[in-house]
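Take a look and give me a structure for this.
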Amino acid sequence: MRMKPICVLVVLVLIVVGACGDASADLTFDPELYTFLSVSPRGYSPSINNCGEIIYVDYVMGTSATALFSSERGQLTDTSIYVERWTGTGVNDSGEAVVAGRPAAGGGYRVYSTVRGAITASDFSSNNPGINNMGEVSYVHNQTLPRGVFTSDRGMLIDISTPCYTPRQTDISDSGEIIYDYLDVDGQRQIFSSTRGQLTTSRAYAGAINSYGDVVYVDAVLGDIRLLDGTVLFDVLATHVKMNDYGDIVFSQYVSGGNGNYPTSRIVVATQRPDFYPQFSAIDPAMLSVPSPSVVPLPGTVLLGAIGLSAAGWRLRKLDSKMRGR
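The predicted structure follows:
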C-alpha cells in the first residue's frame, strides 16, 4: 500500500481526505481497466479533485466571453475576468479553483482563485496554475525577470530565464512537489520535478501529479497520455491532463473545429470507477481514436499578448456525498 507524503499540516490533510474519501488503496495504471466518460462536448484546460469535481474553461453561452466552469457547480467566474483557455487550471478538495486570466477591462495576466481572488499582482504576468489541498498555488511567471516557477507560499523555486521557455502547465502535490515542463540540455521539452529533477526522456509537456507522486503527461509530438516510463496509457490527442489520488484522469482532447491557434477540444475523464460518475455518459474507446499527425490540423504557435505562450503538440462528478454537507 502506498503511503502519502508526510505534510506539516496533517490535521488539514485529514479533514480534506475525510471529506472526499480515502484513496489509500494500491492503484494500477492499466488502460484496460479504464472507462472513458464524456464530461463536456467542449472545454479547455481541465482539472479534477478527489471528490470527482471537474473544472474547465469554456465559453459563456451565447457570448464570446470565457469563464471557469465546474461539473457540479456550473459557472464559477463572471465575465469581469477574461479567463484564458490554454494556460491550465487547478482545483483542490475544498473546491477552491485557480485559473489564469486578466481583467476584461484590460491589464496583465494573473492567477485568480475562486475563493481568494487575485493571487498574483497585475504587473506580474502569471499563468499555468495548480493548487494543492494546503491551498498552495503553483504558477509560472514568464514576462519579466525573474522568470520562474513560483508558489504562493514559497516564492520562486525554479529559474526559467535561461533558456527562456514557458512551461505549458504546473501541478503541485500535497507534499509541495511541483511538476512542470521545461527544456533539457538538448533543448527538448521534458517533465521536471522540483524535488526529483528531470523525470522524462521523451518529448513531453503538461504533466500532472497526485498526492502519491504518480505522474502522467502528454507527449509533446503525438499527444498521447503516458506514464513516466514512457508507456502509452491512452492513445488520444490530448492538450492538457490532470489526475487525482484515485487515478481518475481528466483531459482535454482535440476535436475538429476552431482554428490553428485555438482548436476546439472536449473534456473527457478516464476512470476505473465509472459508477462514481453516473452523470456522465460512456464513450466508446473507438470514438477516441484520432487520425495520424499528418492529417490532424495541428495548432500553430500562439502568442497570447502579455503571456507569450506557445501552443504545440496536440495529439492526444457529482461531488462525493460527504461533500454535500459542507
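
pLDDT wise, what is the spatially closest residue to Arg196 that is not a sequence neighbour at?
Distance criterion C-beta to C-beta, 6 or more residues apart in numbering; nearest residue to Arg196, sequence neighbours excluded, is Glu177 at 7.5 Å. (Each C-beta comes from the backbone N, C-alpha and C, glycine too.) Among the per-residue scores, Glu177 shows a pLDDT of 97.

Just give the number of residues close to Glu177.
When neighbours are counted by other C-beta atoms under 10 Å, Glu177 registers 19.

can you map out the helices along this structure?
10-20 (DSSP state H).

So, low pLDDT: which residues of it?
Scanning the chain for pLDDT under 70 picks out the ranges 1-19, 23-25, 122-124, 163-164, 256-263, 289-326.

Try it again at 50.
The chain contains residues with pLDDT under 50 at 1, 3-18, 260, 291-326.

Span of stretch 264-277 from start to end?
24 Å (C-alpha to C-alpha, to the nearest Å).

buried set for it?
Neighbour-count burial for stretch 264-277, counted by 16 or more other C-beta atoms under 10 Å, picks out Thr264, Ser265, Arg266, Ile267, Val268, Val269, Ala270, Thr271, Gln272, Pro274, Phe276, Tyr277.

still on that earlier bit, the residue nearest to Arg196: what's it in contact with?
Contacts for Glu177 (C-beta atoms under 8 Å, 6 or more residues apart in numbering) come out as Pro5, Ser193, Ser194, Thr195, Arg196, Ile209, Gly213.

make it 6 Å
Contacts for Glu177 were tallied using C-beta atoms under 6 Å, 6 or more residues apart in numbering; they are Ser193, Ser194, Thr195.

about what we covered before: which one of the buried residues of stretch 264-277 is nearest Leu68?
Taking C-beta to C-beta as the measure, Leu68 lies nearest Ile267 of the buried residues of stretch 264-277, at 12.6 Å.

Could you give the bridge partners of the closest one?
Beta-bridge pairing of Ile267 under DSSP bridges involves Ser40, Ser252.

wait, doesn't it sit right on Ser45?
No: assessed by C-beta atoms under 6 Å, Ile267 is found out of contact with Ser45, at 9.4 Å.

Which among the contacts of Glu177 count as buried?
Counted by 16+ other C-beta under 10 Å, those give Ser193, Ser194 as buried.

Make a markdown table from the contacts of Glu177 and add distance to Pro285 to it.
As requested, these are exported to a markdown table (distance: C-beta to C-beta, whole Å):
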| residue | distance to Pro285 |
| --- | --- |
| Ser193 | 31 |
| Ser194 | 35 |
| Thr195 | 35 |
